[in-house]
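Student: Sequence unavailable; structure follows:
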């Protein structure tokens, strides 16, 4: 998705590094049934389907902030037709913003 800019994740898992997160688009449909039922790792699939909430359960606060930022960018791009909306929507559409850092008080 070249129209969606990468997002930086600063200090994931407390390490002094920066990770760049790129948006990609699935080329295959998710498994049949509710996406919540597909929230598992599948070695036979080229990628795994996770809902936003299940993704956040596997990440630290710095990574969650990066995923939130990417999700907002995807939603904005989808709202003007730059990202297709299919297979149930856009990653992160069910996101509820939360404070993920202690620096904000």
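Tutor: On my side now, so go ahead. Fair warning: this is a prediction, and the values are worked out from it, not measured in the lab.

Student: drop to CA atoms for contacts and neighbour counts, all remaining ones
Tutor: OK.

Student: so where is the chain shaky, pLDDT-wise?
Tutor: 35-40, 96-105 (pLDDT under 70).

Student: For burial, what's the neighbour tally of residue 61?
Tutor: 19 (other C-alpha atoms under 10 Å).

Student: Report the secondary structure state of the residue nearest in space to the middle of the chain.
Tutor: Residue closest to the average C-alpha location in the chain (C-alpha atoms, centre = their mean): residue 67, at 4.7 Å. What DSSP: H, G, I helix; E, B strand; the rest coil gives for residue 67 is helix.

Student: do the same with residue 63
Tutor: Residue 63 - assigned by three-state DSSP - is helix.

Student: Name all residues that make contact with it.
Tutor: By C-alpha atoms under 8 Å, 6 or more residues apart in numbering, the contact set of residue 63 is 9, 10, 12.

Student: can you put these in a markdown table and add neighbour count, secondary structure and distance to residue 42?
Tutor: Output for the contacts of residue 63, formatted as a markdown table (neighbours: other C-alpha atoms under 10 Å; DSSP: H, G, I helix; E, B strand; the rest coil; distance: C-alpha to C-alpha, whole Å):
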| residue | neighbour count | secondary structure | distance to residue 42 |
| --- | --- | --- | --- |
| 9 | 19 | strand | 26 |
| 10 | 17 | strand | 28 |
| 12 | 18 | helix | 25 |
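
Student: Let's have those in CSV, adding distance to residue 26.
Tutor: Converted to CSV, the contacts of residue 63 look like this (distance: C-alpha to C-alpha, whole Å):
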residue, distance to residue 26
9, 22
10, 26
12, 25
